[in-house]
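Asks: Just to be clear, the model below is a prediction. Sequence and coordinates:
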Amino acid sequence: EVQLVESGGGWVQPGGSLRLSCTASGFSFSDSYMSWVRQAPGKAREYVSRISQESEIKKYADSVKGRFAISRDNDRNTLYLQMSSLKPEDTAVYYCVRGAVDSTIVTAIIPRGQGTQVTVSS
């Protein structure tokens with residue numbers, strides 16, 4: 001059974017940083033593209049970032065480019081999202097997803113994990 005467990009969210013002031021983690025099990029993590037998506041209350045799910053199996057390809061949504069960094073540790077079956085210079089509009093529940101997600105398919109994705117809440121406010 002595929003399991004994805006996100007953690008690391010919390011409350012942070014604008015300009016602050018957080019590091020999200022996603023621990024995967026039940027599939028071959030090292031053979032899988034991985035992605036982060038997010039959903040704010042009352043808004044559509046939004047693509048955030050994706051990373052290839054060996055981390056050679058990393059892509060970001062324009063809204064987070066230059067502020068967020070995706071990475072992975074295949075030995076630990078863990079995906080990360082380092083978030084810096086956080087803005088109130090980054091407030092959302094963040095989910096990790098198995099596969100290469102982009103903005104054209106993100107609304108069709110049903111995240112398996114419970115997500116981790118990120119709240120950016122003063």
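Replies: Ah, there it is. Numbering: from 1, shown residues only.

Asks: Residue 50: what's it in contact with?
Replies: Contacts for residue 50 (CB atoms under 8 Å, 6 or more residues apart in numbering) come out as 33, 34, 35, 36, 57, 58, 59, 70, 100, 101, 102. No exception for glycine: its C-beta is placed from N, CA and C like everyone else's.

Asks: Of the residues you listed, which is the most crowded?
Replies: Counting neighbours by other CB atoms under 10 Å, residue 36 comes out on top of the contacts of residue 50 with 27 neighbours.

Asks: For that residue, give the beta-bridge partners.
Replies: Here residue 36 sits in beta bridges with residue 49, residue 96, going by DSSP bridges.

Asks: So it is in contact with residue 80, correct?
Replies: No. The criterion here is CB atoms under 8 Å, and residue 36 misses it with residue 80 at 9.2 Å.

Asks: and for these two, which residues touch both?
Replies: By CB under 8 Å, 6+ apart, the residues touching both residue 36 and residue 80 are 20, 22, 70.

Asks: Please narrow those to those residing in strands.
Replies: 20, 22, 70 (DSSP state E).
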